[in-house]
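J.: Give me a model of this one.
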Amino acid sequence: MIGNIYICLNEETYNSEIPDLFSRYRRAEFDEEGALVQLLPTTYAEMGEDNKRQYGRVLTFTKDGSNFYILEFTASWLSGEVSYLLDLGQGLAYPNNAVLTSDEAVQLVQENTKE
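T.: Sure thing, here's the model as predicted:
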């Protein structure tokens with residue numbers, strides 16, 4: 001099983017820092033012995049780049065002159081990660097920060113690209 005969630009982020013959110021809730025996706029700094037020194041600020045864009053080997057590349061498209069980015073990754077209902085992602089889209093018009101199924105993500109990209 002690969003990721004369990006897709007999210008379509010607008011450009012502002014895509015370039016913003018992921019919350020501490022997603023610490024497993026943060027970039028990290030290690031000392032010479034390999035011990036963790038600190039977790040570094042990491043954007044959704046960097047998270048997508050760092051995880052493309054595991055989840056595939058970030059899908060991009062433009063709709064009504066705005067850029068959108070679809071990321072696949074793993075998020076937990078139990079720890080509140082999915083609830084956090086749902087809240088990112090609160091009050092925003094679709095597809096801004098919308099949580100999607102895999103079929104919905106594919107359909108959204110197909111409708112908005114020539115690929």
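
J.: so where's the protein shaky on pLDDT?
T.: In the prediction, the chain carries residues with pLDDT under 70 at positions 1, 115.

J.: which residues in it form helices?
T.: Ranges of helices within the chain are 11-14, 44-50, 52-55, 81-88, 102-112, based on DSSP state H.

J.: Quick one: these as a markdown table, columns for distance to residue 62 too.
T.: Glycine gets a C-beta too; all of them are placed from N, C-alpha and C. What follows is the helices of the chain, written out as a markdown table (distance: least, C-beta to C-beta, whole Å):
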| stretch | distance to residue 62 |
| --- | --- |
| helix 11-14 | 10 |
| helix 44-50 | 16 |
| helix 52-55 | 20 |
| helix 81-88 | 20 |
| helix 102-112 | 7 |
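
J.: between the ones you listed, which gets nearest to residue 21?
T.: Nearest to residue 21, of all those, is helix 81-88, at 5.6 Å by C-beta to C-beta.

J.: Buried residues, the closest one. List them.
T.: For helix 81-88, a neighbour-count test (16 or more other C-beta atoms under 10 Å) marks 81, 82, 85, 88 as buried.

J.: Give me the residue at the spatial middle of this protein.
T.: Nearest residue to the geometric centre of the chain (C-alpha atoms, centre = their mean): residue 71, 4.2 Å.

J.: Residue for residue, what is the longest strand this structure has?
T.: strand 66-73 (DSSP state E).

J.: Can you tell me what sits against that one?
T.: 2-3, 5-11, 14, 25, 44-45, 47-48, 51, 55-56, 58-62, 95-96, 100, 102, 105, 108-109, 112 (C-beta atoms under 8 Å, 6 or more residues apart in numbering).
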